[in-house]
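[1] predicted structure and sequence below. I'll ask about it afterward.
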Amino acid sequence: MTGEHDVIRPAHPRAIAATLPHGTLLFLPATTHYAPVETPRLFNEQVLRFFRPAAEPAALPAARARQAANLFPAMPAFPVRLLIALAVPLLPLGAHAQRAQRPPADPALTYAARITPAALRQYLTVLASDAYEGRATGQRGQQQAAAYLARAFAAAGLQGPVAGSDMPYYQRFALTRTGVDSASSVTVGTRTFRVNQDFFVLLRNPAAAAAVIQPTFVGYGISTPGFADYTPSDPALQAKDLVLLLDEPLNPAGRPLLSPTGQASAYAQPGFAEMVARSPAMRTLAPRATFRIMPSAAALARIPQDYADLPGWEPRIALPGEPAPPPAAGANVFFVSPEMGAALLGTTEAGLAAYRQQVAAAGKPVASPFRPPAVTLQVRESTQAFPTENVLGYLEGTDKKDEVVVISAHYDHVGRQHGQVYNGADDDGSGTVSVLAMARAFAQARREGHGSRRSLLFVGFTGEELGLLGSRYYTDHPVFPLTATVADLHLDMVGRVDSLHQQGDYLYLLGSNWLSGELHELSEQTNGRHQPLQLDYRYNTLTHPAHLYYRSDHYNFARQQVPVIYYFSGFHPDYHQPGDDVDKIDFAALTRRSQLIFRTAWAVANAPQRPRPDPARATPGSRPTAPELDRYAGRYSCPQLPLAITLTRVGETLQAQPAGQPAFVLQPVRPSVFRFEPTGALLEFEAGQPRFVLVEAGRRFTFTKP
């Protein structure tokens, strides 16, 4: 906020009393002047000097409270003066005071109304700004966001519940990051080439990347009826390290040889297109690695952008004490500079150009003169630990304070990619600011004598985008016992209107009826009492292809048999894109949704009995039978990918063994669907068919067995 501010100065009490009805109580601020705060970063610099953890937020120093209030002007931190009209008979004063202290007819509605579009917009404008750098877990922006949430909880009067910590609002833990070691290199003769300078690598088989190899040249790596650099059935090429030119053959006029229209074919389109184009034939060779020679240094520099959609670039993240998830299945893929490519083939860049010209003149593949030398691969992985934190704010209940209702969202997002900030205003900035607004409303109710019977825990989870890691850590190391946790009401992407609806008067609910019928009924009744939203349950099914129930943090509570409701407003084109910005949020819809969730939390927190888990409603997904597992077992291949996967029965589930990769155990979701927990990948078997669909990172690949 910048610019001038109105200053209200208290008048003399007798002058004011003369203008008031008998028995009126008037509160006037001594001042309403706020110090302007121009940027979130400036605010951080101003406030962090004052912010220190306190066991009792109500005892914050006045200076700290005033600074915190500057970011949250709806939360006054100024002193007040009570002006009482002295010439008022005592009896009317008492009568009016008694009427003023009567509780509202429905306090849930009263305090839900404290959640406003203006407040939600204010929070989100900060949290989803470029200054927070996309809030990637473990990065500076995520740490800034954590500090923002902690300050907001403290300013609202919530306690930090983490005992024995210098920051009781943080549940700190470490994650591990495993990826290609920055010292990795490839040596050819006396020349050494460095990773991220001379080459990039998709490391999928680490064991094959630290060895001495003898490369084999396969031209452009194309094998089609009209142009065949190699024969897929050639046993001499099986399980080799293959070198190929990553462009396409041209004719003498410089036009694509394989395209009748003269347009570039898929073989010349860096990224997923060329990988898919080459895969059908190359997968039969089961190469240990492919070395793709880029046509120019500029093309090499674009590799992280052009191939960003391929799994395997990002470091593999794990919780403490757990092994890193296995790499993406398949052969190692090296993208190398023209200089390095020439060295791999024992030639020069001029020699590569001469080969291309020979192919153009012949109009077909030609024998190469190259004699590749032995190559020493020294590509290794390294693992480093890095800190992150869940952010918790706590309001103690009254007579049922030992029971806890969790209200949660994840505050992390995907950070920077390709030079752009992915702000994640909807995913999940919208859920996070809703949790903040609800925390403030509940705290105000408590201060005014309407505290909830059960305790309330407001949580911002980290690491959701990496595989629900923050909620995994919390449910494995709960601050409050899970047996005392009544429910988790979780918000993830609740700020937009999807293409299936014209207006924002709806909300998708998942899981409300899966573990506790009583929670579902309470949710429905609460919605029906006041300006009901359309509660849409289309995603609340085991057969929906999106499998949303398993894709947000509520799932980790559900797997511990804690009843959950997952709130969602639908997909949109900006999902995990740089366009997910504040200006696309429907704040009126977000407000109505937040108010409904607040009232639902109020009902759960004040109900005479906690919603009981129903044993008949166990976590969804009955286990497959032994005959079903035996039927699924076998070796599968995919025409879209150079990959074979062998499935074997292990106890009551399946083990997957990608060719040349470590085996890993799958978790049954239901009899025909299995999940790989670290990445969220799903294997969906088709009824009565010898095939499954691998669903990973939004893509679907069909695997079949003979």
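    That came through fine. If you're wondering where the values come from, they're calculated on a predicted model, not measured in any experiment.

[2] list phi and psi for the residue lying closest to residue 455 once chain neighbours are set aside.
    Closest residue in space to residue 455, ignoring its immediate chain neighbours: residue 397 at 4.1 Å, by C-beta to C-beta, 6 or more residues apart in numbering. Where C-beta positions appear, they are placed from N, C-alpha and C, glycine not excepted. Note on residue 397: its backbone torsions stand at phi -80, psi -170 [degrees, to the nearest 10].

[3] please apply the same query to residue 510.
    The phi/psi pair for residue 510 (degrees, to the nearest 10) is phi -130, psi 140.

[4] now it. Nearest residue, chain neighbours left out?
    In space, residue 510 is closest to residue 566, 4.2 Å off (C-beta to C-beta, 6+ apart).

[5] measure that neighbour to residue 231 for me?
    Distance, residue 566 to residue 231, by C-beta to C-beta, to the nearest Å: 52 Å.

[6] looking at the two, which one has more neighbours?
    residue 566 (26 against 13; other C-beta atoms under 10 Å).

[7] tell me the contacts of the spatially most central residue of the chain?
    Per C-alpha atoms, centre = their mean, the C-alpha nearest to the average position across the chain is that of residue 465, at 2.3 Å. By C-beta atoms under 8 Å, 6 or more residues apart in numbering, the residues touching residue 465 are 136, 137, 410, 412, 413, 414.

[8] part of a helix, is it?
    Yes. Applying DSSP: H, G, I helix; E, B strand; the rest coil, one finds residue 465 inside a helix.

[9] how much space between it and residue 139?
    Counting by C-beta to C-beta - residue 465 and residue 139 are separated by 12 Å.

[10] what does residue 368 give?
    Distance from residue 368 to residue 139, by C-beta to C-beta: 46 Å.

[11] out of the contacts of residue 465, who's nearest residue 276?
    Nearest to residue 276 among those: residue 414, at 24.2 Å, using C-beta to C-beta.

[12] the closest one and residue 137 touch, don't they?
    No. With contact defined as C-beta atoms under 8 Å, residue 414 and residue 137 do not form a contacting pair (9.2 Å).

[13] which of these two has more neighbours?
    For residue 414 versus residue 137, neighbours defined as other C-beta under 10 Å are more numerous around residue 137 (27 against 21).

[14] state the pLDDT value of the more buried one.
    For residue 137, the pLDDT comes out at 98.

[15] and it, what does it touch?
    175, 317, 388, 412, 462, 463, 465, 466, 469, 470.

[16] can you tell me which helix in this structure is longest?
    Secondary structure of the chain read by DSSP state H shows that its longest helix is helix 587-606.

[17] show me the shaky parts of this structure.
    1-104, 542-543, 615-623, 660-662, 677-680, 697-698 (pLDDT under 70).

[18] domain ranges for it?
    Residue ranges for the domains of the chain, per automatic domain parsing: 33-77+103-171+388-615, 185-379, 626-704.

[19] before we move on, the earlier item: gap between the residue nearest to residue 510 and residue 319?
    Residue 566 is 22 Å from residue 319, by C-beta to C-beta.

[20] perfect, I'm done here.
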